[in-house]
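Novice: sequence isn't available, so here's the structure alone:
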């Protein structure tokens, strides 16, 4: 019922985008660092944000945009987080929204603002203004990839996706772009992600669906256990597919929800695959817990364990670290019910090591992608988490990030 198409955030009807270089971080840079996504028609908007008590000014502003439920544009910059910048930071964010709104001829409270980069440094507003003007001039139905490049920081590749979904009333589309490579931890994972769609939905329905999708995607990934000040996930639905509003409880709503979940999972996994210094993508599946919440606690503990992640980097099938992390996760299970498999190699059964071949387990760990399956009983609870290894390269990247 859905197929992958080209176009990123511009694939749905009525969206344009642009990405330009404004030398936000330094005057020698030629990297694109300002992005703009615009809906040609008023759009419902929903957002999920960082739960960090230290929130960047653009997060506070964009939360207020989402509270009103309507948006026409999203401006984003990389190279500077505009976090811990006090009153000036909020004034700069409001100025960005105002200038963008003036250029587009839309209400200022319908302009979301996203920032990512170094914390504690005021925005270079003259260059930001040039970036806004450049983006407006460059807006195009073919500008999605430029925008995806512009929001990158330590990312090594741009991240975007577009799908077309066959509903009973006709085809609709979803587009997405995201950035994220380091400071990836649950609730929310460190990211900027903008999703566009040409379906029509009421803001409250869109908000409930986006939050549900985030819980099973962006809140199920881990690279380094650090949560950002700027995490923002936005979805704009402009109704330009020309159909009646999607309503919960209908077949078309269920199909669209499945597709949006697919997009969120794909984008979340792309962040882990591009994790700073990462060479492994590890899926952790837990089953048999008392409930889904406890299964997720176990999966998250394994995914977040520095000892597990360094074992992944060293390609060491040290299942003891996995068992240990499962045990301290805070979920209830009996040790005698613990089973662990590395792909299809069962290394623990009934709480004890099996007579597995060490070479077979080591071969799994040498793969670029593999699965760790953990069973803790016969309960209905299950969960899935995605993580990466923790390598020497991660330390190298982050040791001098600011300087």
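Specialist: Thanks, I have the structure now. As the structure is a computational prediction, the values presented were derived from the model and not from experiment. Numbering: from 1, shown residues only.
Novice: confirm for me that residue 348 is in contact with residue 336.
Specialist: No. Residue 348 is not in contact with residue 336 according to Cβ atoms under 8 Å; the separation is 11.0 Å. To be clear about C-beta, it is placed using only N, CA and C from the backbone, and glycine gets the same treatment.
Novice: element containing residue 64, please.
Specialist: Per DSSP states H and E: residue 64 is located in helix 57-68.
Novice: could I get the phi/psi values of residue 370?
Specialist: phi -160, psi 180 (degrees, to the nearest 10).
Novice: which ones are touching it?
Specialist: 280, 282, 283, 342, 343, 364 (Cβ atoms under 8 Å, 6 or more residues apart in numbering).
Novice: from residue 351, how far off is the closest residue to residue 350 other than its chain neighbours?
Specialist: Counting by Cβ to Cβ, 6 or more residues apart in numbering, residue 350 lies nearest to residue 336, which is 5.6 Å off, once chain neighbours are set aside. From residue 336 across to residue 351, the span is 5 Å (Cβ to Cβ, to the nearest Å).
Novice: with residue 99 instead?
Specialist: On the measure of Cβ to Cβ, residue 99 and residue 351 end up 62 Å apart.
Novice: who has more neighbours, these two?
Specialist: Taking other Cβ atoms under 10 Å, residue 99 and residue 351 do not tie; residue 99 has more neighbours (19 against 15).
Novice: so which strand or helix has that one?
Specialist: Per DSSP H and E: residue 99 is located in helix 86-104.
Novice: give me the neighbour count for residue 28.
Specialist: Residues lying near residue 28 (other Cβ under 10 Å) number 6.
Novice: residue ranges with poor pLDDT in the stretch 301-403 of the chain?
Specialist: Counting by pLDDT under 70, the stretch 301-403 of the chain shows low-confidence ranges at 391-403.
Novice: and the stretch 101-250 of the chain, by the same measure?
Specialist: 181-190, 223-227.
Novice: strands along that one, start to end?
Specialist: 111-118, 159-167, 170-179, 192-197, 221-222, 232-237 (DSSP state E, counting those that start in this stretch).
Novice: for residue 69, what are its contacts?
Specialist: 44, 45, 46, 203, 204, 207.
Novice: tell me how many other residues crowd the closest residue to the second one other than its chain neighbours.
Specialist: Same thing as residue 45. In space, not counting the residues next to it along the chain, residue 45 is nearest to residue 71; the distance is 3.7 Å by Cβ to Cβ, 6+ apart. Neighbourhood size, residue 71 [other Cβ under 10 Å]: 30.
Novice: for residue 71, grab phi and psi.
Specialist: Dihedral angles for residue 71 - degrees, to the nearest 10 - are phi -150, psi 150.
Novice: is it in a bridge, and if so with what?
Specialist: Here residue 71 sits in beta bridges with residue 43, going by DSSP bridges.
Novice: do a quick rundown of the strands in the stretch 301-403 of the chain.
Specialist: 339-342, 345-349, 352-353, 369-375, 379-388.
Novice: contacts for the third one?
Specialist: The set of residues that contact strand 352-353 without belonging to it, under Cβ under 8 Å, 6+ apart, is 319, 347.
Novice: measure the closest residue to residue 319 other than its chain neighbours to residue 146 for me?
Specialist: Spatial nearest neighbour of residue 319, excluding adjacent residues (Cβ to Cβ, 6+ apart): residue 347 at 4.4 Å. Taking Cβ to Cβ as the criterion, residue 347 is separated from residue 146 by 47 Å.
Novice: check residue 175 too.
Specialist: Distance, residue 175 to residue 146, by Cβ to Cβ: 14 Å.
Novice: those two: which has the busier surroundings?
Specialist: A direct count of neighbours by other Cβ under 10 Å for residue 175 and residue 146 places residue 175 higher, at 27 against 21.
Novice: where is the longest helix in the chain?
Specialist: helix 251-273 (DSSP state H).
Novice: name the residues that touch the helix or strand following that helix?
Specialist: With elements assigned by DSSP H and E, the helix or strand that comes after helix 251-273 is strand 281-288. Identification of contacts with strand 281-288 by Cβ under 8 Å, 6+ apart yields 269, 272-273, 295-296, 298-299, 302-303, 312, 326, 333, 337, 368-379, 381-389.
Novice: swap the cut-off to 7 Å and go again
Specialist: Outside strand 281-288, the residues that touch it by Cβ atoms under 7 Å, 6 or more residues apart in numbering are 272-273, 295, 298-299, 302-303, 312, 337, 368-379, 382-388.
Novice: count of neighbours near residue 368?
Specialist: 10.
Novice: spatially nearest residue to residue 32 (excluding sequence neighbours)?
Specialist: Among residues not flanking residue 32 along the chain, residue 150 sits closest, at 3.9 Å (Cβ to Cβ, 6+ apart).
Novice: how about that neighbour, what does it touch?
Specialist: Contacts of residue 150 by Cβ under 7 Å, 6+ apart are 19, 20, 32, 33, 34, 35, 78.
Novice: how about residue 356?
Specialist: Residues near residue 356 by Cβ under 7 Å, 6+ apart: 345, 346, 347.
Novice: neighbour count added to these, as a markdown table?
Specialist: Formatted as a markdown table, the contacts of residue 356 follow (neighbours: other Cβ atoms under 10 Å):
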| residue | neighbour count |
| --- | --- |
| 345 | 21 |
| 346 | 17 |
| 347 | 22 |
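Novice: wait, which of those residues is closest to residue 139?
Specialist: Comparing the contacts of residue 356 against residue 139 with Cβ to Cβ picks out residue 345 as the nearest, at 52.2 Å.
Novice: my guess is that closest one contacts residue 364. True?
Specialist: Yes. At 5.7 Å, residue 345 counts as touching residue 364 under the criterion of Cβ atoms under 7 Å.
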